[in-house]
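Participant: how does the following fold in three dimensions:
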Amino acid sequence: STRRDMSAPVARLPSPASTSTRGRHRARARRRRAAPSRAFPAKWNPFLNVPDAPNRMTEADRRRADDSDGVLGALDASRATRKAETLRRELSRPDAYFAEMGLRFDFDDAVAAPSRDFERLNALFVSVGFSSRACDKLQKAVDNSYLALWVTTTRDSRFAKEGEVVGFARATSDGTFHATVWDVVVSPAWQRHGIGQGLMERIVDKILEEDICNVGLYSENKVVGLYERLGFRQKCPELSTAMQFRANSSPYG
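Facilitator: Next comes the predicted model:
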């Protein structure tokens, strides 16, 4: 009989488990080598993923870079990828409906000069509980707004004289990413006739017509329902803090 040399190495067959593990590692390495070098990480973040090598961007990278507008938050980023045209809605009440009531809607560049009365607009603000503002500053704010929409009367009535402003809204915007609606107001005598909804529908539609998808506003609790019916939703359900700059935040000097 032949005796085995105990000092010689013994050849061992690999176990099925170790063979399959090595195979997976090799396959993963091959996929990595075959994949194109990415300028962006696979998990897209429009705020953080700035291309350090644009010449290495894949077509998918380029599409996502084109679609992203750099706005803050995933909800804004996903909304910005949609075409504004798809967000537009039909008016619930056409201009003819309000014309029968003796009312007309005009944007700031078309409103009659006598109706562009900032003293009357200021009084309208005060009538619904808004703070009074210096008329010259109010006019400057409207002049510098992206859009302003006036509701004026077309005939005398027991509620208002012809040409009087009874509703108003304005919006500021960077013209590309964001717009914010401000100062939505309707005279108490003309409320509950759909004028507030008419203001919002028209000013939002005009903003969307300019291809601005992110439209925001600040709402009093009592009118949140109106804005929700128009498609607005709470902006930040997660914890967040609204802040404003104050040159001197101390009340004691």
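Participant: I'd like to know how far Ala96 sits from Tyr227.
Facilitator: 25 Å (CB to CB, to the nearest Å). For glycine as for every other residue, the C-beta is placed from the backbone atoms N, C-alpha and C.
Participant: apologies, that question was intended for Arg28.
Facilitator: Using CB to CB, we find Arg28 at a distance of 50 Å from Tyr227.
Participant: can you check Arg202 too?
Facilitator: Distance from Arg202 to Tyr227, counting by CB to CB: 15 Å.
Participant: and for His178?
Facilitator: Distance from His178 to Tyr227, counting by CB to CB: 17 Å.
Participant: in stretch 103-117, what counts as buried?
Facilitator: Within stretch 103-117, the residues that count as buried by 16 or more other CB atoms under 10 Å are 103-105, 108, 111, 115-117.
Participant: please, which helix or strand holds Val215?
Facilitator: strand 214-217 (DSSP states H and E).
Participant: helix or strand right after that strand?
Facilitator: Following strand 214-217 in sequence order, the next helix or strand is helix 224-229 (DSSP H and E).
Participant: can I get that following helix as CSV, trimmed to CA atoms?
Facilitator: The C-alpha trace of helix 224-229 is given here as CSV (Å, rounded to 0.1, in the frame of the first residue of the first chain):
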residue,chain,number,x,y,z
VAL,A,224,-57.6,77.4,4.3
GLY,A,225,-60.6,75.4,3.0
LEU,A,226,-61.0,77.8,0.0
TYR,A,227,-57.4,77.4,-1.0
GLU,A,228,-57.5,73.6,-0.6
ARG,A,229,-60.4,73.5,-3.0
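Participant: mean confidence for it?
Facilitator: For helix 224-229, the mean per-residue pLDDT is 88.
Participant: got any ranges where the stretch 51-200 of the chain has weak pLDDT?
Facilitator: 51-86 (pLDDT under 70).
Participant: show me the strands in it, by range?
Facilitator: 103-107, 147-153, 165-173, 178-186 (DSSP state E, counting those that start in this stretch).
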